[in-house]
Structures are given as structure tokens and as C-alpha cells.
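Q: pasting the sequence and the predicted model now:
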Amino acid sequence: MPATMLDGRALAQELRQEAEAAIVELTAKLTRAPSLVVVQVGDDPASTRYVRTIGRLCKNVGVTFQLELLPNDAPQADLIGTLTHLNQQPDVDGILIQMPLPGHLDATSAILALDHRKDVDGVHPINAGLLAQGQPAIVPNTPAGGMELLRRNGITLRGKRAAVVGRSAIVGRPMAQLLVQADATVTICHSRTNDLGSVLRECEIVCVAAGRPGLITAAMIKPGATVVDFGTNVCDDGSLVGDVDFASVAEIAAAITPVPGGTGPVTNMMLLKNLVTAASARLKA
């Protein structure tokens, strides 16, 4: 039987309604709309499209949106200065640094310059450390969205064997931490993992964020497993595919996220959730 589709678009609508209600309540407490500032350096087309999407989303749900656009050749000092200024503004609740930055800029220094309490992307080392310790933290949006897809589709995680393919700081590692917190037994796999298929075939949950189209095939998946594909790879014809060979894996998995339409739509909704969390925490401080 073909796998059940874990529909990110449908869940995104549900999460949006929840976010809108939370934003209305938060606006009343703040006596202003919660605010998000995106810091973008340069005019990379993909980054610009994404930032516009975030801007439209904010406008539609009642969030004040501001873009701080720095020139492509902006020096590190200007980027750090912009972030420092935004940290100090009481009416700025969330800050997102649009990645990737131009090659001459140091992303690590920029992230460290963020006030971790306004870090709505969950990339600051303090948030990463809190997550690793199992403490409340702002979690990166993409893995947080993956967990929402699993939870709200009734996928049992407690006691399950899970594998995460990919070890990036913004998807793979935090996803592994979240699965551990949900009482799964987790293996982190990567490009140096020997015989990847032998590891994955032992797992009921497989999450993939490797950035390699079609890396995971049906022969690597345990029948009846749940597969979460975070991959977003653009083909020569402009189509979007994941890291999983969807057609073959969907024939043996119990549940799978499509690409597009799986984890992607949920990610932006988790950004709104993180903004509400950040603003609410500052309100209580």
C-alpha cells in the first residue's frame, strides 16, 4: 500500500490559524503588534524571494515586518553594528539573519552578535546549548516543523529507532536532539557513514537533510517506516525534489513527506511560533 502523505500545506494552514490567534492576544498585551526584522546582505535572488515571502506572511497575520538590507560589499563591522542596534530596540521582538551571507562575511560572528532572546531562527549557541540540555529553547524552524508534522499525524516516537541523515547545525543536529527529547533512540548519519542503508533499515523513523537529491532509495528503508524529507534540491528543469527517491520509497514506507509540500510550508509557520515565543518571554522579563 502506498505511503500516507504527511501534508505540510494542510498543517501550515492549521498552524497559521493558531499563530494568528496568539498574535492577536500578544498584540493586546504589548499594546503594539509583535515585530520581526530580517537582516539581509546583498541581493541574492533566492534570498530576496524568501524574504519577500516572510514579509507577506507577517503582513497577513498582523506582525510588523522590517527589512534591514545592507549592500553586498558591506563590511563585517556594519553587519555587527546593525545587529547590535536591533538588539537594543525594545520594539523589536525577533531578528533573523538571512543566510547565506556573502563570502567575505563571517556568519559565526554575526550569529554571536545576536541577542539570543530575539533569535527566532534558533541558531545562537545559547539556544543550541539549551536544546542540547533538554531545556526550553528557541528551536530552528525547519526541524521544529518536522516534529510538528510527526506529532500532529500521530506518529509514535517513544521507544522507536530513528536515524537522521545530515549533521548541519540548523537541521540535522537539532532534529536529532528533538527526537531524543521525544524518547526515540537516535543515530546521526552523514557522508562518512559506512553502509548507510544497513543503518536506515533498522529504523522506524528516517529524517533526511543531506542536500543530495535521490540519496535515499527504497532499498535503504525498512518497510513501514516513516520518512521525513527536508531536502530542497532544484533540478535543471527548475523542478524541486528532495533527498529521498520519493516514487520508490513511497511504495514501502508507511508515511512520507512530499517535496514540495511537506516540511517546507511548515517551516515559516514555526518562524511565527518562535516570534510569539520570543516576544512573550521578553514581556515576562
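A: Received it, and whenever you're ready, just let me know what you need.

Q: doesn't A132 make contact with Q177?
A: Yes. Between Q177 and A132 there is a contact under Cβ atoms under 8 Å: 5.8 Å. Yep, even glycine has a C-beta here, placed from its N, CA and C like the rest.

Q: look at those two and report which has more neighbours.
A: More neighbours surround Q177 than the other of Q177 and A132, with 21 against 15 (other Cβ atoms under 10 Å).

Q: quick check: closest non-adjacent residue to that one.
A: Distances taken as Cβ to Cβ, 6 or more residues apart in numbering put L131 closest to Q177, at 5.1 Å, once the chain neighbours are dropped.

Q: quickly find the element holding that neighbour.
A: helix 125-132 (DSSP states H and E).

Q: which other helices and strands contact that helix?
A: Here helix 125-132 touches helix 172-181, going by 3 or more Cβ pairs under 8 Å, 6 or more residues apart in numbering; DSSP states H and E.

Q: hmm, V228 and A253 touching each other?
A: No. Applying Cβ under 8 Å, one finds A253 not in contact with V228, separated by 10.3 Å.

Q: for these two, work out which one has more neighbours and name it.
A: V228 (27 against 22).

Q: which residues in the stretch 1-150 of the chain form strands?
A: For the stretch 1-150 of the chain, the strands defined by DSSP state E, counting those that start in this stretch occupy 4-5, 35-41, 64-70, 94-97.

Q: quick one: residues in contact with the second one.
A: If you take Cβ atoms under 8 Å, 6 or more residues apart in numbering as the criterion, strand 35-41 is touched by 47-48, 51, 54-55, 58, 63-72, 74, 79, 82-83, 86, 91-98, 101-102, 105, 120, 271, 275.

Q: only whichever of the residues you listed are buried, select them in ChimeraX.
A: Selection of the buried residues among these in ChimeraX, burial being defined by 16 or more other Cβ atoms under 10 Å:
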select :47,51,54,55,58,63,64,65,66,68,70,74,79,82,83,86,92,93,94,95,96,97,98,101,105,120,271,275
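
Q: chain center to the helix or strand bottoming out on mean pLDDT in the chain, what's the gap?
A: Ranked by mean pLDDT, DSSP states H and E, the weakest helix or strand in the chain is strand 233-234, scoring a mean of 90. Centroid displacement of strand 233-234 relative to its chain, using Cα atoms, centre = their mean, to the nearest Å, is 17 Å.

Q: that one pairs with which strands, and in what direction?
A: Strands that pair with strand 233-234, judged by DSSP bridges, come out as strand 240-241 (antiparallel).

Q: how far is the helix or strand just after the partner strand from where the chain is centred?
A: Once the chain leaves strand 240-241, the next helix or strand it forms, by DSSP H and E, is helix 246-249. Distance of helix 246-249 from its chain centroid, counting by Cα atoms, centre = their mean, is 24 Å.

Q: how about helix 246-249: buried residues?
A: For helix 246-249, using 16+ other Cβ under 10 Å, the buried residues are F246, S248, V249.

Q: name the helices or strands packed onto the helix or strand just after it?
A: Per DSSP H and E, the first helix or strand lying C-terminal to helix 246-249 is strand 255-256. When contacts are defined as 3+ Cβ pairs under 8 Å, 6+ apart, strand 255-256 sits against strand 4-5, strand 226-229.

Q: can you rerun that using 6 Å?
A: Helices and strands touching strand 255-256, by 3 or more Cβ pairs under 6 Å, 6 or more residues apart in numbering; DSSP states H and E: there are none.

Q: hmm, who's touching that strand?
A: Residues from elsewhere that reach strand 255-256, judged by Cβ atoms under 6 Å, 6 or more residues apart in numbering: A3, T4, L6, T226, V227, A250.

Q: hang on, the last one packs against A3?
A: Same thing as A250. Yes. Under the criterion of Cβ atoms under 6 Å, A250 makes contact with A3 at 4.6 Å.

Q: now do the contacts for R201.
A: K222.

Q: what residues of the helix holding L131 count as buried?
A: Quick answer for helix 125-132 (16+ other Cβ under 10 Å): N127, A128, L130, L131.

Q: break the protein into its domains for me.
A: Following automatic domain parsing, the chain resolves into domains at 31-118, 141-264.

Q: now for those domains, which one comes closest to A281?
A: Among those, the nearest to A281 by Cβ to Cβ is domain 31-118 (6.4 Å).

Q: the helices in the chain, which residues?
A: 8-30, 45-61, 76-87, 107-113, 125-132, 141-152, 172-181, 196-200, 246-249, 263-284 (DSSP state H).
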